[in-house]
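Asker: structure here, sequence nowhere to be found:
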Ligand SMILES: [Zn+2]
């Protein structure tokens, strides 16, 4: 069965992972710009990272029949230095019209600081100015609830932003309702340590429905699983959910949200 | 999909749920018990104020599991969350600890999390 992994950091994954994902039914990935596990020493580091996301990675994916799309931003973990963050933001307009760029992301908060919030709001405004979709990262663990509230409030302060064009990712049982009730899309991240298991993700779908919801692996350089999405598919099938519902969550929903950007297409998939 | 009756939104019968998951979660419960035993068997680090705030939070969370009320995951997550609402002036580090520690408690020693 075909699926989309709408949040995965393929620059950190091996070619073998692309092969396994292709074999498991992955037809498209979207890769948000994020932290590399260390702080870049200059904005130039991001210039090369954006080239990797827009030029190199789509070619790697194509060899396994997978469409590769991406999102550009300065991530919250490198937003504390606002001067640095603004230098990175200046690079974004130069890349935004590349054929695989779907929008601004993943922007958001990490430790819920004043500076992170300022840069987040500036990038929401940038997305609005450039007419882009937005993909939002919410903080981990004890910082998630407060961070999600700050994020929802900050986006609402920008009256131009249509919540239907914003996906707030890494929701859990204590944040999913807040995000959906505010009219945003919500993402469940299947991450071994800090986020959801496939079982909990299936529980969330059973509790809150599958409207405006997607699931992703957020596979990256840390402890993570690039095949987490098909594991959720198996968990839902095991419980007796219909193939129609599973395909809606893991293929049609991401395609519907991402399809708001005219560059996203799945022709021939 | 969630049935019309929201109370029974899991498509499996109760017997099926127990059959499918009991052993897995019995094992996870024993892991928690073993962790708490391991904490007891380890030498205290001499920090003032007694137990690590994360272990104290875990003990509190265990009480929620036994209170017989619904929405346990949501309530545990909220218990482990920062209850404040204003952005902080500056972060001490990039990592999260997994439970909320007030200013007198060491924060930022949690495992580094990826994206
Ligand atoms: Zn990510």
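Answerer: Alright, I've got the coordinates. Please read these numbers as outputs of a predicted model, since none were measured by experiment.
Asker: which helix is the longest one in the chain?
Answerer: This is for chain A. With secondary structure taken from DSSP state H, chain A has its longest helix at helix A:114-130.
Asker: not quite, I wanted chain B
Answerer: Ranked by residue count under DSSP H, the longest helix found in chain B is helix B:14-41.
Asker: picking that back up, any idea how far the longest helix of chain A is from the chain center?
Answerer: Relative to its parent chain, helix A:114-130 has a centroid offset of 17 Å by C-alpha atoms, centre = their mean, to the nearest Å.
Asker: could you do stretch B:50-64 as well?
Answerer: Computed by C-alpha atoms, centre = their mean, the chain-centroid distance of stretch B:50-64 equals 9 Å.
Asker: next, residue B:44: phi, psi?
Answerer: Backbone geometry at residue B:44, expressed as degrees, to the nearest 10, gives phi -60, psi 140.
Asker: one more: residue A:71?
Answerer: Reported as degrees, to the nearest 10, the phi and psi values for residue A:71 are phi -130, psi 150.
Asker: what distance do you get for residue A:243 to residue A:2?
Answerer: Using C-beta to C-beta, to the nearest Å, one obtains 11 Å as the distance from residue A:243 to residue A:2. C-beta coordinates here come from the backbone N, C-alpha and C atoms, glycine included.
Asker: which one of the two has more residues nearby?
Answerer: residue A:2 (14 against 11; other C-beta atoms under 10 Å in any protein chain shown).
Asker: distance check, the residue nearest to residue A:193 when sequence neighbours are not counted against residue A:204.
Answerer: Leaving out its chain neighbours, the residue that sits closest to residue A:193 by C-beta to C-beta, 6 or more residues apart in numbering or on different chains is residue A:223, at 5.8 Å. As judged by C-beta to C-beta, residue A:223 and residue A:204 stand 21 Å apart.
Asker: then residue A:18?
Answerer: Distance of residue A:18 to residue A:204, given as C-beta to C-beta: 28 Å.
Asker: now residue A:81
Answerer: Going from residue A:81 to residue A:204 by C-beta to C-beta gives 35 Å.
Asker: looking at the two, which is more packed in?
Answerer: Shown here are residue A:81 and residue A:204; by other C-beta under 10 Å, residue A:204 has more neighbours (22 against 13).
Asker: below-threshold pLDDT in chain B: ranges please.
Answerer: Filtered on pLDDT under 70, chain B yields the residue ranges B:1-5, B:47-49, B:102-115.
Asker: can I see the domain layout of it?
Answerer: For chain B, the structural domains run B:12-42, B:53-83, going by automatic domain parsing.
Asker: out of these, which comes closest to the ion?
Answerer: domain B:53-83 (19.9 Å; C-beta to the ion).
Asker: now check that closest one, is it near chain A?
Answerer: Yes: using C-beta under 8 Å from any C-beta of the partner chain, domain B:53-83 reaches chain A at B:71, B:73-74, B:77-78, B:80-83.
Asker: in three-state terms, label residue A:188 for me.
Answerer: Assigned state for residue A:188: strand (three-state reduction, DSSP: H, G, I helix; E, B strand; the rest coil).
Asker: burial of it, as a residue count?
Answerer: For residue A:188, the neighbour count with other C-beta under 10 Å is 27.
Asker: just residue B:67 next, same as before
Answerer: Neighbour tally, residue B:67, other C-beta under 10 Å: 9.
Asker: just the strands in the stretch 151-269 of chain A please.
Answerer: According to DSSP state E, counting those that start in this stretch, the stretch 151-269 of chain A carries its strands in the segments A:166-168, A:185-189, A:213-216.
Asker: in CSV, list these along with distance to residue A:87.
Answerer: CSV is the format used below for the strands of the stretch 151-269 of chain A (distance: least, C-beta to C-beta, whole Å):
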stretch, distance to residue A:87
strand A:166-168, 25
strand A:185-189, 28
strand A:213-216, 29
